[in-house]
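Q: Predicted model, plus sequence, below.
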Amino acid sequence: MVAVLSRIGKVAAATTATLLADRYQAEELLFIGAAGGLGGHVRVGDVVIADALLQHDLDASPIFPRWEVPLYGRSRFQPDAAMSERLRSAAISVLADAPAHLGADLLATFGIATPALHAGLVISGDRFVSTAAESTALRAALPDALAVEMEGAAVAQVCHDMGLPCAVLRTISDRADDSAHVDFNAFIREIASRYSAAIVRGYLRG
């Protein structure tokens, strides 16, 4: 097993995924991080497993339809179903006993009561979505999007190109609005990193 930090943004994540596939001959790629919630039912502290990924800032129109990756004939890339199911099982187990993994007091500090698991569209772009106007526009354009982040769709495209199975999981750190920057680093350190470690352990055991 190889564990790496991809850094932030689509190019950095694509470079990391390519190196893992080429230099380390990875057999599968599990991508975990944080995201802003877009879906109305997606709350801070919830977890989203991507069943499709799309670059929301990609627009080569009028030559190609908006969001379509040029010369691919598609805008959405699907992670591996078997990996995603293993990830779902691990996440369900962790979330069901979240206080044991993180502590009830810590969850309460971040306003997390009963964290939920979701599966759906995750969208990626090279900007940190941190205003209500931006998130409202994204929801209007892509109403089935559950979460927004900065890397997953690029990783999914590289894995598609390399024939490398992948799965993507995101912990919801904020609601992608004007409060998105508040305590973001604290959330990553205290909540998302602990979720991730526990879920990965469960995934590997599974």
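A: Received the coordinates, thanks.
Q: All the strands of this protein, residue numbers only.
A: 29-37, 47-55, 117-124, 145-149, 166-174 (DSSP state E).
Q: So, low pLDDT: which residues of the chain?
A: The model of the chain has pLDDT under 70 over residues 179-182.
Q: which residues does Ile92 contact?
A: Leu117 (CB atoms under 8 Å, 6 or more residues apart in numbering). The way it works is simple: take the backbone N, C-alpha and C, and place the C-beta from them, glycine included.
Q: let me redo that: Ala17
A: Contacts of Ala17 (CB under 8 Å, 6+ apart): 6, 29, 31, 154-155, 158-159, 162, 164, 166.
Q: please redo it, this time with the cut-off set to 6 Å
A: Ala17 sits next to 155, 158 when contact means CB atoms under 6 Å, 6 or more residues apart in numbering.
Q: Gly125 is in contact with Leu58, isn't it?
A: No. In this structure Gly125 lies outside contact range of Leu58 using CB atoms under 6 Å: 8.1 Å.
Q: hang on, the earlier thing: of the strands of the chain, which is nearest Ile188?
A: Of all the strands of the chain, it is strand 29-37 that lies closest to Ile188, at 5.9 Å by CB to CB.
Q: contact partners of that closest one?
A: 129, 147-149, 155, 159, 164, 166-176, 180, 188, 192, 196.
Q: so how far is Ser130 from the closest residue to Pro99 other than its chain neighbours?
A: Counting by CB to CB, 6 or more residues apart in numbering, Leu107 is the residue found nearest to Pro99 once chain neighbours are left out, at 6.4 Å. Taking CB to CB, to the nearest Å as the measure, Leu107 falls 24 Å from Ser130.
Q: Likewise for Val168?
A: For Val168 relative to Ser130 (CB to CB), the value is 21 Å.
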